[in-house]
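Undergrad: I would like the atomic coordinates for the input below:
(chains A and B)
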Number of protein chains: 2
Amino acid sequence: MQEIDIIITGGKALLLDYQNTHLENAAIAVNASEIVAIGQAEQIAKKYRAKKTISAKNSLIMPGFVNCHTHAAMTCFRGIADDLELMDWLNNYIFPAEAKNVDKDMAYWGTLLAAAEMIKSGTTTFCDMYIFEDETARAAKTAGMRCLIGEVLFDFPSPNFKTPEEGLTYTRMLVEKWQNDPLINIIVEPHALYTCSPPLLAEAKKIADKHRLSLGIHLLENKAEQEQLKQKYGKSAASFLKDICYLNERLIAFHCVCFSEEDMKLFADHKCRVSHNPASNMKLASGVAPVPDMLKAGITVGLGTDGCASNNNLDMIKEMSTAAKLHKVARLDPTVMDAQTVVRMATIEGAKVLGMEKIIGSLEVGKKADIIIIGLNEPHLTPLYSEYSHLVYAASGADVDTVLINGKVVMENRKLLTIDETEVMQKVRKIAINVKDSLRQ
Amino acid sequence: MQEIDIIITGGKALLLDYQNTHLENAAIAVNASEIVAIGQAEQIAKKYRAKKTISAKNSLIMPGFVNCHTHAAMTCFRGIADDLELMDWLNNYIFPAEAKNVDKDMAYWGTLLAAAEMIKSGTTTFCDMYIFEDETARAAKTAGMRCLIGEVLFDFPSPNFKTPEEGLTYTRMLVEKWQNDPLINIIVEPHALYTCSPPLLAEAKKIADKHRLSLGIHLLENKAEQEQLKQKYGKSAASFLKDICYLNERLIAFHCVCFSEEDMKLFADHKCRVSHNPASNMKLASGVAPVPDMLKAGITVGLGTDGCASNNNLDMIKEMSTAAKLHKVARLDPTVMDAQTVVRMATIEGAKVLGMEKIIGSLEVGKKADIIIIGLNEPHLTPLYSEYSHLVYAASGADVDTVLINGKVVMENRKLLTIDETEVMQKVRKIAINVKDSLRQ
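TA: Here you go, the predicted model:
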């Protein structure tokens, strides 16, 4: 008998591996941070003795969700302004609120609140772009969450830097500081092509290339941006990105709503990655990204929630439901974006987008133990003909019972073990009082 | 001090009355089936002594949701087939499954499962169209849910009747049997214009007129139906309905996706009602109903989930989120379908659609006590700037803690008090085994 840390046993399992393996009465053996065995409950029980056994009876075991795009600390602005014209929303609410309120304290507590929400809805890895990302990293460490984080870079000052050069320096500091961390990974994140000058884009790329990091950028979120870029550069956005050598498998473009055939071909040819954020695209009335075409073209697409100012939640189960339905109605074709495709986008495909598919995104021996257990013994999940269908069309974030990240149990039976959620909510409520006051002025 | 049954106290409250009253530290006094007072917690405490006090601390008190269109017992087919072409889905899955499996037992237990799900996500009234609706009524009584139910009528046989005449006779039986029930209300429901002959439509109308009942009908769900009706009748669907005297304030049309300007004008002129079912319309790729235009034209529009074969859930909070976002992206206008409008559609406007606005849909003295309490002390609902925003863009059905219907507590702190959910799930799982077998044959 081999002594290990944890056995999760007795549930159905979706492995989300290459074959989309589906197991009944499955068990997963975890030692330290890794999955060491997957099999039938009885087989695993014969071979391993665990310090801790987690029952997954009447439950579904699967890899945790990978949220490919968010601005975690913006939980502090959740619901501050909705249903407005984009420029009204940005100029009269979001930008003033950010200018007056974003500091290290807000970045830390806002991210910790986001981590609580993400864990409670089954997300184990998130990709973040915001301000004071060292605080984001610190909050993710506290929560025990895996992440890929980058300081937002643009030409104008942020609450964290007076010049773009300071933003680049801060990014270099992040790279150095977190380079050996098991959970925190760094990405270089120029905000967008309309907010970053070519020299800034070039400097950002240098950092990414030097350390073999991903580059993340908002791209073609709506028609106005598409037209602005066309005017500015006289060519399609992807052509411009090609000119500045951004097109490779380490590029992650967020949104890609107004994505032309030329953009798509260039992305496919260069193996660039896309984060699709349908709830945000719907709420901000940005448009419908041509995701079924991207998939057909062979582009790797993951799912993201975007930040809480434009969603207003971080629930990947909701995002799956939205993604599956939006493209069906947009194309009047009920066969596009089937449930299994969408669950893969929220797990293994998302891991590929972040360049982390060798360690997360599916349940496989040797991968990190980022595992969630979803309770199936609920009226709204009864009867059960297909787990994929239930995940996409019937489940809710609140059905997630237990979450492991990197082999550590961070939530058990819906109790968060790494975060004092009462304290976090109190802190953020205090921040929100100031946010409200700042908008009144 | 006046002795009453229940006081709900200490929460924020959205009354959804004409003025959209918002109260802090509110209390609602309930006696027998009715709301007898609404006010500040201290005022109510001075005036009333209650047998039972329910704390709504850190919670939101509001009217229960009104689901304007569902086929409750179809929970038994939840997730049986998704992501298919409409005719493949209907002819190879839904119709065979129904022909072989729908009986009284399925209608009862399927509805009771639906009731469990609906109560657990805050729905207090539902409008149902299906087969063996006397069983639907019986299950709603068991659950303590308010409903408006009708036997589906069409030209061909159903598991419950061999001829349309038998369907009409069954409908008359329902009207008589349930006429004095406080919770069960009857509607006359010809299935659709493409499945009912003009004589059947005329007979259905006679029953509705005789008893002053509503008439419910699927209408213009997709382009194919619109074209079929145009060919069959040589005019728009609403024009045809006008010819057969269906257009009045007791007509409830489900879907109205392919709704022309002429249809809209006729509906507005005759005060007809519409149930908008966005999740189903998206999943089946039916199209986007022109709801913002309907609202502008003055048509009363409520929200419905449709049945679990085409949604696949009965969660009105999800439906609100979908409704708010779908129209924004469809029109590239983030200002349409604002959160407050959508919450009204899910409550008081839905009550108007069902002709029940005098007794439900808002919290007002003299109305029936159909009240839900939603916990706000959750990471995903923190911070709180706007209750409407949170309901539509951040909340989940699982946030509903406590539900009263007709003055009776049917769920308290998420424990169902009228339904043994373990028993119901077991019964439906047994039914599902037969359903699966029947599709294999």
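
Undergrad: where exactly do the strands run in the stretch 51-200 of chain A?
TA: Residue ranges of the strands in the stretch 51-200 of chain A, as given by DSSP state E, counting those that start in this stretch, are A:59-63, A:65-70, A:123-130, A:146-153, A:184-186, A:189-190.

Undergrad: and those as JSON lines, adding mean pLDDT, mean neighbour count and distance to chain B?
TA: From N, CA and C alone the C-beta is placed, and that goes for glycine too. Below are the strands of the stretch 51-200 of chain A laid out as JSON lines (pLDDT from 0 to 100; neighbours: other C-beta atoms under 10 Å in any protein chain shown; distance: least, C-beta to the nearest C-beta, whole Å):
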{"stretch": "strand A:59-63", "mean pLDDT": "98", "mean neighbour count": "26", "distance to chain B": "13"}
{"stretch": "strand A:65-70", "mean pLDDT": "98", "mean neighbour count": "31", "distance to chain B": "13"}
{"stretch": "strand A:123-130", "mean pLDDT": "98", "mean neighbour count": "28", "distance to chain B": "12"}
{"stretch": "strand A:146-153", "mean pLDDT": "98", "mean neighbour count": "26", "distance to chain B": "17"}
{"stretch": "strand A:184-186", "mean pLDDT": "98", "mean neighbour count": "24", "distance to chain B": "21"}
{"stretch": "strand A:189-190", "mean pLDDT": "98", "mean neighbour count": "30", "distance to chain B": "25"}
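
Undergrad: can I get those in a markdown table with distance to residue A:418?
TA: Listed next are the strands of the stretch 51-200 of chain A as a markdown table, based on distance: least, C-beta to C-beta, whole Å:
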| stretch | distance to residue A:418 |
| --- | --- |
| strand A:59-63 | 19 |
| strand A:65-70 | 17 |
| strand A:123-130 | 12 |
| strand A:146-153 | 13 |
| strand A:184-186 | 15 |
| strand A:189-190 | 26 |
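
Undergrad: closest one to residue B:395 among those strands?
TA: strand A:123-130 (17.9 Å; C-beta to C-beta).

Undergrad: what pairs with that closest one, and is each one parallel or antiparallel?
TA: strand A:65-70 (parallel), strand A:146-153 (parallel) (DSSP bridges).

Undergrad: Wait, residue A:33 touches residue A:182, no?
TA: Yes - judged on C-beta atoms under 8 Å, residue A:33 makes contact with residue A:182 at a distance of 6.7 Å.

Undergrad: who's in contact with the spatially most central residue of chain A?
TA: A centroid search over chain A (C-alpha atoms, centre = their mean) returns residue A:67, at 1.6 Å, as the residue closest to the centre. The contact partners of residue A:67, by C-beta atoms under 8 Å, 6 or more residues apart in numbering or on different chains, come to A:118, A:123, A:125, A:126, A:127, A:303, A:304, A:305, A:314, A:316, A:319, A:350.

Undergrad: For the first one, which non-adjacent residue is closest in space?
TA: Meaning residue A:118. residue A:314 (5.1 Å; C-beta to C-beta, 6 or more residues apart in numbering or on different chains).

Undergrad: Looks to me like residue A:229 is in a strand.
TA: No - according to DSSP: H, G, I helix; E, B strand; the rest coil, residue A:229 belongs to no strand; its state is helix.

Undergrad: What distance do you get for the residue nearest to residue A:258 when sequence neighbours are not counted to chain B?
TA: Once flanking residues are discounted, residue A:258 sits nearest to residue A:226: 4.0 Å by C-beta to C-beta, 6+ apart. According to C-beta to the nearest C-beta, to the nearest Å, residue A:226 stands 13 Å off from chain B.

Undergrad: what helix or strand is residue A:226 on?
TA: Using DSSP states H and E, residue A:226 sits in helix A:223-233.

Undergrad: just how off-centre is that helix within its chain?
TA: Relative to its parent chain, helix A:223-233 has a centroid offset of 27 Å by C-alpha atoms, centre = their mean, to the nearest Å.

Undergrad: try stretch A:26-38
TA: 24 Å.

Undergrad: One more: stretch A:202-210?
TA: 23 Å.

Undergrad: List every C-alpha atom in it, with coordinates, as CSV.
TA: Extracted as CSV, the C-alpha positions of stretch A:202-210 are listed here (Å, rounded to 0.1, in the frame of the first residue of the first chain):
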residue,chain,number,x,y,z
ALA,A,202,7.8,46.7,-28.4
GLU,A,203,9.2,47.0,-24.9
ALA,A,204,6.4,44.8,-23.5
LYS,A,205,7.3,42.2,-26.2
LYS,A,206,11.0,42.3,-25.2
ILE,A,207,10.1,41.3,-21.6
ALA,A,208,7.9,38.5,-22.8
ASP,A,209,10.5,37.2,-25.2
LYS,A,210,13.3,37.3,-22.7
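
Undergrad: in it, what's buried?
TA: For stretch A:202-210, the neighbour count (16 or more other C-beta atoms under 10 Å in any protein chain shown) marks A:203, A:204, A:205, A:207, A:208 as buried.

Undergrad: do the same with stretch A:211-230
TA: A:213-222, A:225-226, A:229.

Undergrad: just stretch A:426-441 next, same as before
TA: Residues of stretch A:426-441 classed as buried by neighbour count (16+ other C-beta under 10 Å): A:427, A:428, A:431, A:432, A:435, A:439.

Undergrad: I'd assumed residue A:26 was in contact with residue A:12.
TA: Yes - with contact defined as C-beta under 8 Å, residue A:12 reaches residue A:26; the gap is 6.7 Å.

Undergrad: Overlap of the contact sets of the two?
TA: Shared contacts of residue A:12 and residue A:26 (C-beta under 8 Å, 6+ apart): A:56, A:61.

Undergrad: what about the longest strand in chain A?
TA: strand A:2-14 (DSSP state E).

Undergrad: on that earlier part again, now do the helix holding residue A:226, average pLDDT.
TA: Model confidence over helix A:223-233, given as mean pLDDT, is 95.

Undergrad: which residues does residue A:412 contact?
TA: A:54, A:401, A:402.

Undergrad: can you list those in CSV and add pLDDT and neighbour count?
TA: CSV is the format used below for the contacts of residue A:412 (pLDDT from 0 to 100; neighbours: other C-beta atoms under 10 Å in any protein chain shown):
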residue, pLDDT, neighbour count
A:54, 98, 24
A:401, 98, 20
A:402, 98, 24
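
Undergrad: Now tabulate these in CSV and tack on distance to chain B.
TA: Shown next, in CSV, are the contacts of residue A:412 (distance: C-beta to the nearest C-beta, whole Å):
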residue, distance to chain B
A:54, 22
A:401, 12
A:402, 16
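
Undergrad: Can you mark which positions in the helix or strand bottoming out on mean pLDDT in chain A are buried?
TA: In chain A, no helix or strand scores lower on mean pLDDT, DSSP states H and E than helix A:86-89, which sits at a mean of 87. The neighbour-count check on helix A:86-89 (16+ other C-beta under 10 Å) flags A:86, A:89 as buried.

Undergrad: Could you tell me which other helices and strands that helix packs against?
TA: Helix A:86-89 makes packing contacts with no helix or strand when contacts are defined by 3 or more C-beta pairs under 8 Å, 6 or more residues apart in numbering or on different chains; DSSP states H and E.

Undergrad: residues making contact with it?
TA: In this structure, residues lying in contact with helix A:86-89 by C-beta under 8 Å, 6+ apart are A:81, A:222, A:224, A:284, A:285, B:334.

Undergrad: how about a cut-off of 7 Å?
TA: Helix A:86-89 is contacted from outside by A:81, A:284, B:334, using C-beta atoms under 7 Å, 6 or more residues apart in numbering or on different chains.
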